[in-house]
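Enquirer: Sequence plus predicted model, see below.
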Amino acid sequence: MDTIIFDVDDTLYDQAQSFKNTVKQMIQESFTDEELDKLYIASRKHSDALFDKSEAGEITLLDMQIHRITAACHEFGIPMTREQAIEFQEAYVAEQQKITLFDEVVELLDALYLEDKQLAVLTNGEDKHQSMKIKQLDLEKWIPKEHHFISGAIGYAKPKQEAFQIIEKKLQLDKGKTVYIGDSFDNDIVGAKQAGWNAVWMNHRKRSLPTTTIKPDKTVYNAKELLDVFRHDYSIVK
């Protein structure tokens, strides 16, 4: 592989941890780890359902953020007002400013950088918010800023093919020697495979494989397995 492109959220770091820390701070309920996982998954479901409307400007980013936590809490019988939801989002953003890369991802990026591989990120989300995460993760150490592709900045979100085509043109990709790594089957794997790229599914949430003709080239369940794929299957990390 000559070019390796990464999703950001829940691929390079554990997005759920920031959410769980915020819940513990802001919601006066006692949760088991399993309940926190379910609440997180519910919030992502509601976020994904409104993402296209947010990207299109049909609703504000703040309204989408308010809805995802209030709707998730409603599923679990937890009351939350709009004002409380805004406070939750502010605390969540503060927690996201503490995110760190998985240890094995650091090792992988170091190795790929030393081998002079072309690296990039492609992430869905609002430009300023995703740029904040990229800065916090210190990704410019390995990936130049001109290789940061954020849907809010480029005008197209995964899995739309235009998002992948913009990168192909900018980086002059050889599709057969390009691999994309992401956690969302619908956005990342479907989008990358339809673009003709190789795709690795970072399935550390252990989601079921959807019934579809599209399959990832590799599936990994944690960052260590991701590193092992590049060592053993792609043989480009020593």
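Expert: Good, I have the coordinates.
Enquirer: And the protein, what are its domain boundaries?
Expert: Domains of the chain are assigned by automatic domain parsing as 3-13+99-233, 15-96.
Enquirer: so can I have a markdown table of the ones you listed showing mean neighbour count?
Expert: For every residue, glycine as well, the C-beta is placed using N, CA and C. Putting those into a markdown table (neighbours: other CB atoms under 10 Å) gives the following:
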| stretch | mean neighbour count |
| --- | --- |
| domain 3-13+99-233 | 18 |
| domain 15-96 | 16 |
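Enquirer: export those domains to TSV and tack on mean pLDDT?
Expert: Formatted as TSV, those follow (pLDDT from 0 to 100):
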stretch	mean pLDDT
domain 3-13+99-233	96
domain 15-96	93
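Enquirer: all strands for this protein, in order.
Expert: 3-6, 118-123, 148-150, 178-182, 198-202, 218-220 (DSSP state E).
Enquirer: List just the one of those that sits closest to M132.
Expert: With CB to CB as the measure, strand 148-150 is the member of the strands of the chain nearest M132 (10.8 Å).
Enquirer: Select the longest helix from the chain.
Expert: helix 33-55 (DSSP state H).
Enquirer: same for it, what does it pack against?
Expert: helix 15-26, helix 61-75 (3 or more CB pairs under 8 Å, 6 or more residues apart in numbering; DSSP states H and E).
Enquirer: would you turn the ones you listed into CSV with distance to D127?
Expert: Listed next are these as CSV, based on distance: least, CB to CB, whole Å:
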stretch, distance to D127
helix 15-26, 18
helix 61-75, 11
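Enquirer: Out of the ones you listed, which is closest to Q84?
Expert: Among the helices and strands packed on helix 33-55, helix 15-26 sits nearest to Q84 (CB to CB), with 7.5 Å.
Enquirer: Tell me which other helices or strands that closest one touches.
Expert: Using 3+ CB pairs under 8 Å, 6+ apart, helix 15-26 sits against helix 33-55, helix 82-96.
Enquirer: CSV please, covering these and showing distance to A192.
Expert: Shown next, in CSV, are the helices and strands packed on helix 15-26 (distance: least, CB to CB, whole Å):
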stretch, distance to A192
helix 33-55, 18
helix 82-96, 25
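Enquirer: To I143, which of these lies closest?
Expert: helix 82-96 (18.8 Å).
Enquirer: Contacts for that closest one, please.
Expert: Outside helix 82-96, the residues that touch it by CB atoms under 8 Å, 6 or more residues apart in numbering are 18-19, 21-22, 25-27, 62, 65-66, 69-70, 80, 129, 132-133, 136.
Enquirer: Apply 7 Å and report the result again.
Expert: Residues outside helix 82-96 that contact it (CB atoms under 7 Å, 6 or more residues apart in numbering) are S18, F19, N21, T22, Q25, M26, Q65, I66, I69, T70, K133.
Enquirer: Now the two most distant members of those.
Expert: Greatest spatial distance in the contacts of helix 82-96: T70 and K133, 23.1 Å, computed using CB to CB.
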